[in-house]
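In: just to be clear, the model below is a prediction. Sequence and coordinates:
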Amino acid sequence: MRIGSILRWAWRDFASGQMQAVLLIVAAAAVFGSLGAAEVLQVTAVNTEMMHYRDTASNVILVTANKTVDGGACDRLSELDSVQNSGGLRERSPLVLHELYGLSVAAYDVSPGFAELIAGSPITDSGVLIHDTLAEQLGLSAGSRLETPEGPIVIAGTYVWPSDGRDARLGFAVLVPTPTTSAFDECWLREWPVSEDSGALLRSTVITESQNADAAQIRQANPSNGTNADFSGEFESRISRFAWVGAAAFGLCVGLLWARRRRVELCDGLAKGQSRSALLLQVAIEAGLVAVPALVLSGAALGILSRIHSDDKQFFHELWLIAAVCPAAGSVSLILGSMLGAASLRRASMYRYFRAR
């Protein structure tokens, strides 16, 4: 039987049951889309939790060892692949500001690496960093001067440090960039993903000959979100990861039932001399006329849903691809199920099929 004839037969059968085919397309698209939507929502939930963990500085770890931290070694931790920024911090005398009518604010000496860690970018201008809330209240910005009893201080920039559980010392403070030639009290590092080796890395910056080396303490800059940062594990263990199996099972069952419901007319084709391979190809084409529209509809709906739940283009593409596995698996299984159903038919059983109908 020629391909052209098979295509005509497939289209004739599809068009003759058009309303039933449309209902089947809608039902398949709804099931595939619902299972894919479960993936979108679960993956988005894990990503939102991960972004919140990172944006609230919960991935910033620090070691405290009074005046025994090697500032140069601390800054050099940022050269490691997993470490984004690192730097040292040391407490200094509070700054008395004329703009606050003689009141003082907390001040800290920080290494160049710490200034980059807290500001989010390298500081190229000379001067101090000031908390954004303090700068706003005083009407100051980069390039402004702070008047102190020791003389004016130029503001190189501002930094953001919200009150969301982070170390409160840096709120409403002034940071003074300092060379790494002298020892610091603390070493901070920001890494992603968070590793179990961060504590060992931080301890390596403590001067081992000092008396305070053994008393060094490791903690988070923001412990309010917990210490568990295994978001890869959460992603791999999510319940919705089996959604594609449900879609495939649904598609397989629908394909089998659809072929079994048409067993009389399919056997009739075999009785009239149609080959088994031609029958399977015809059934596959007919099932494809249902599966492909269902795939397109559910895929488009999942694309819209993924776009709503994504903030950037890369995550949108990744989220859509993860969700699209469900309609893809379901559509392929629907075609395979119909072919399996047709392959199980026997021409000798046509009379029994006819009586059962």
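Out: The structure has been received and is ready for your questions. Numbering: from 1, shown residues only.

In: for the helix or strand Leu281 falls within, what is the average pLDDT?
Out: Counting by DSSP states H and E, the secondary-structure element that holds Leu281 is helix 276-308. Model confidence over helix 276-308 averages 89 on the pLDDT scale.

In: buried ones in that helix, by neighbour count?
Out: Burial within helix 276-308, assessed by neighbour count using 16 or more other C-beta atoms under 10 Å, is assigned to 278-291, 293-295, 297-299, 301-303, 305-306. Quick note: C-beta positions are derived from backbone N, CA and C, even for glycine.

In: pull the contacting residues for the closest residue to Ile335 other than its chain neighbours.
Out: With C-beta to C-beta, 6 or more residues apart in numbering as the measure, Ala287 is the residue that lies nearest to Ile335, at 4.5 Å, once sequence neighbours are left out. In this structure, Ala287 makes contact with 255, 258, 334-335, 337-339, judged by C-beta atoms under 8 Å, 6 or more residues apart in numbering.

In: ok, the residue nearest the centre of the chain - contacts?
Out: Centroid check for the chain by C-alpha atoms, centre = their mean gives Asn47 as the closest residue, at 3.8 Å. Shown here is Asn47, whose contacts under the criterion C-beta under 8 Å, 6+ apart are 315, 319.

In: look up phi and psi at the nearest residue in space to Arg145 that is not next to it in sequence.
Out: Excluding its sequence neighbours, the residue lying closest to Arg145 (C-beta to C-beta, 6+ apart) is Pro152, at 4.4 Å. Taking degrees, to the nearest 10, you get phi -70, psi 150 for the backbone angles of Pro152.

In: cool, and Ile130?
Out: Backbone geometry at Ile130, expressed as degrees, to the nearest 10, gives phi -130, psi 140.

In: what is the neighbour count of it?
Out: 28 (other C-beta atoms under 10 Å).

In: try Ala168
Out: Close neighbours of Ala168, defined as other C-beta under 10 Å, add up to 11.

In: equivalent analysis for the one 10 residues further on, please.
Out: Other residues within reach of Thr178, judged by other C-beta under 10 Å, total 20.

In: which non-adjacent residue is nearest it?
Out: Leaving aside its sequence neighbours, Thr178 sits nearest to Asp109 (C-beta to C-beta, 6+ apart; 4.2 Å).

In: just confirm the one you found is within a strand.
Out: Yes. The assignment for Asp109 (DSSP: H, G, I helix; E, B strand; the rest coil) places it in a strand.

In: quick check: it vs Thr181, distance?
Out: Asp109 is 11 Å from Thr181, where distance means C-beta to C-beta, to the nearest Å.

In: who has more neighbours, these two?
Out: In this view Asp109 and Thr181 are compared by other C-beta under 10 Å, and Asp109 has more residues nearby, 19 against 7.

In: so the residue nearest to the centre of the chain: helix, strand or coil?
Out: helix.

In: residue ranges of the helices in the protein, please?
Out: 3-16, 18-55, 71-76, 112-119, 132-138, 198-203, 231-236, 243-261, 263-271, 276-308, 313-343, 350-356 (DSSP state H).

In: give me the neighbour count for Leu257.
Out: As a burial measure, the neighbour count of Leu257 was computed by other C-beta under 10 Å and equals 13.

In: centre of the chain to stretch 333-343, how far?
Out: Between the centre of stretch 333-343 and the centre of its host chain there is 36 Å, according to C-alpha atoms, centre = their mean, to the nearest Å.

In: so what touches it?
Out: Contacts to stretch 333-343, defined as C-beta under 8 Å, 6+ apart, come from residues 28, 247-260, 263, 266, 276, 279-280, 283-284, 286-288, 290-291, 294.

In: again, only this time at 7 Å
Out: Stretch 333-343 has contacts (C-beta atoms under 7 Å, 6 or more residues apart in numbering) with 28, 248, 251-256, 258-260, 266, 279-280, 283-284, 287-288, 290-291.

In: quick one, what contacts the nearest residue to Gly171 once chain neighbours are set aside?
Out: What sits nearest to Gly171 in space, not counting adjacent residues and going by C-beta to C-beta, 6+ apart, is Trp161, at 5.5 Å. Neighbour list for Trp161: 131, 170-171 [criterion: C-beta under 7 Å, 6+ apart].
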